[in-house]
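1. my questions are about this predicted structure, shown below with the sequence.
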Amino acid sequence: MASKPIGIYLIQEVGCINPHSGAYQHISMGVQQLSHHFNIETYLATKPINLATRVSVKTNASGKPAVIAKNPLRGTIKDVLSLLSNVKNSYKLIKLLKSKKIDFVYERAAYMNFSGLIACKFSGIPHFYESNGLQFEGQKSYYRSLFTKLSRIFEKMAYSYATHTFFVGSYGDYWQIDKDNWTNVENGIEQDKVVPYQKKTLNKETLQICFIGKFMKHQRLDILLDALKIIGANNAIKVHLIGGDLGSIENEIKNIGISVENHSFVDRSKIISLIINFDVGIICGSPEYQSCMKLFDYAAAGCAVVAPEIHNLKVWFPNEVCYFDGKPKDFANKLLYLKENRNILNGYGKSIFETVTNNFSWKNIFELKVSIIKSNLNT
C-alpha cells in the first residue's frame, strides 16, 4: 500500500491558534480532515506545533483592535521589518521542505507574508492557499502603512501564483482572478454536533433570539440595539448573548427594557445543546464576502436565521435565510414577523437545518479540497 503524501499546514499568525477563536476552530477542522488523506504536519511559521496543546491567548477586552501605530511611517517600518523576516523564513522553509521531502503546503494566508509561497516555488512543490478574508483590509484595523495600497496588489498576485486558492466565503468573487486556480468554499459543521431536527414549540408569547460572537465592529451590534429600540420595552422578545465581551451590550438591552440573558463564553461542545432551546439565530452584520461561522451553529440547532442581505449569504443560502435590508427598522420588522408567524419560523429553521447538515459538513467541504489537492500533486 502506497504511503500517504506528506503535507504541511502552515499558519503564519499566532492569534489564529487561540483555542477560543474562529480561526482555531477552522484550522483544527482542516488539520483533522486533511489528515484522513495525507500525513499532515502543522507549523507556525517555521516551528512545528501541536494544536491540541494550545492555551488561550489574551485578547483585548474592549473588542477593539489595539492600535500599534497611527503614524504611517512607523507602520511602514513595521512592514519592512516583517518582509525582511519573511525572506529569512522563506530560506528556512526551503530547507525544511527539502529535508522532510514535503509533497505540498497548505497555507492560511496572512498579511504581507509570502514565505510559504516563495519556498514552494523555489522547491518546485505545489502550494495551496486558504484565504479567510481580505488581508490588506484587515491590516488597516491595526496600523497605518504606506504599503497598504501596494499590499492589495501583492495579495492578488500571490493568489494567482499559488497552485490553487480556496477562498472561504466568496472572496474569489471579489478578486476575480483570471485563472482557473481558485475555488470558493464555505465553513462547515461538525457531524457529531448534529442532532435530529426539532420543531420549535416554545413559548408563543416570547420570541427567543440568540447571538453568538464577540463584541467586534463588524458584528454590527449597533443594528441590533437600534432594532430593539424600535420594538420597544415589552416581553415580545428575549435576547440570549453567547460569547465574550458582551457585558456592555447586555446592559444597553436592559436599558431598553427588553429581557436579556448573557451566557458569556460557552464551549463549542455545549453550544448546540444550549441554542436548540431558542427560536432564532441572528447575524446583525458581516463583510460582504465573508463566511458567517455562527450560521452553521444556528442551523445545526434548527434555529431560523435572520441576517442582512450580503453577497456571501445570498450565494450559498438564497432561500433558507430570513433576510433584512441591513437597516434596524427592517430587522425589527422581520423579528416581529417571525414571532407572529411561527409556522414560517419553523419553515426557515427546517430549511437551513437540512441544507447545512446535508451539504456543509466539514467532511463534504474537505472532500472537494482534497480532490483538488490530489489532482495537483507531483507524486
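-> Cool, got the structure.
2. please enumerate the helices of the stretch 151-300 of the chain.
-> 171-175, 221-231, 247-256, 268-275, 293-300 (DSSP state H, counting those that start in this stretch).
3. what's in contact with the least confident helix or strand in the chain by mean pLDDT?
-> When each helix and strand of the chain is scored by mean pLDDT, DSSP states H and E, helix 135-139 comes last, with a mean of 84. Contact with helix 135-139 is made by Ala109, Ala110, Tyr111, Met112, Ser145, Thr148, Ser151, Arg152, Glu155, as judged by Cβ atoms under 8 Å, 6 or more residues apart in numbering. From N, CA and C alone the C-beta is placed, and that goes for glycine too.
4. sorry, back to before: out of the helices of the stretch 151-300 of the chain, deepest packed?
-> Comparing these by mean neighbour count (mean count of other Cβ atoms under 10 Å), helix 293-300 comes out on top with a mean of 25.
5. could you point out the longest helix of the protein?
-> As assigned by DSSP state H, the longest helix anywhere in the chain is helix 72-99.
6. helices and strands around it, which ones?
-> Using 3 or more Cβ pairs under 8 Å, 6 or more residues apart in numbering; DSSP states H and E, the elements in contact with helix 72-99 are helix 115-123.
7. packing partners for the helix it packs on?
-> helix 72-99, strand 104-108, strand 127-131, helix 148-161.
8. surely Ala119 meets Leu93?
-> Yes: using Cβ atoms under 8 Å, Ala119 is in contact with Leu93, at 3.6 Å.
9. check contacts around Phe360.
-> Per Cβ under 8 Å, 6+ apart, neighbours of Phe360: Glu186, Asn187, Gly188, Ile189, Phe296, Ala299.
10. tell me, how many residues neighbour the third one?
-> Read it as Gly188. Neighbourhood size, Gly188 [other Cβ atoms under 10 Å]: 21.
11. distance-wise, check it relative to Asp279.
-> 24 Å (Cβ to Cβ, to the nearest Å).
12. before we move on, what about the last one?
-> The spacing between Ala299 and Asp279, counted by Cβ to Cβ, is 14 Å.
13. domains for the protein, by residue range?
-> If you go by automatic domain parsing, the domain ranges for the chain are 6-188+362-375, 191-358.
14. lowest average pLDDT across those domains?
-> Per-segment mean pLDDT for the domains of the chain reaches its minimum on domain 6-188+362-375, at a mean of 88.
15. measure how far that domain is from the centre of its chain, please.
-> Relative to the chain's own centre, domain 6-188+362-375 is displaced by 13 Å; criterion: Cα atoms, centre = their mean, to the nearest Å.
16. what's the straight distance from one end of it to the other?
-> Domain 6-188+362-375 has an end-to-end distance of 15 Å (Cα to Cα, to the nearest Å).
17. with stretch 135-143 instead?
-> 13 Å.
18. same check on stretch 232-245?
-> End residues of stretch 232-245 are separated by 24 Å (Cα to Cα).
19. mind listing what's buried in that stretch?
-> Buried residues in stretch 232-245, defined by neighbour count with 16 or more other Cβ atoms under 10 Å: Ala236, Ile237, Lys238, Val239, His240, Leu241, Ile242, Gly243, Gly244, Asp245.
20. so can I have a markdown table of the residues you listed showing distance to Lys229?
-> Output for these, formatted as a markdown table (distance: Cβ to Cβ, whole Å):
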| residue | distance to Lys229 |
| --- | --- |
| Ala236 | 13 |
| Ile237 | 12 |
| Lys238 | 16 |
| Val239 | 13 |
| His240 | 19 |
| Leu241 | 17 |
| Ile242 | 22 |
| Gly243 | 22 |
| Gly244 | 24 |
| Asp245 | 21 |
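21. just these: which are in strands?
-> If you go by DSSP state E, the buried residues of stretch 232-245 have Ile237, Lys238, Val239, His240, Leu241, Ile242 in strands.
22. distance of the fifth one relative to Cys284?
-> It stands for Leu241. Applying Cβ to Cβ, the value for Leu241 to Cys284 is 12 Å.
23. overlap in contacts, the two.
-> Phe211.
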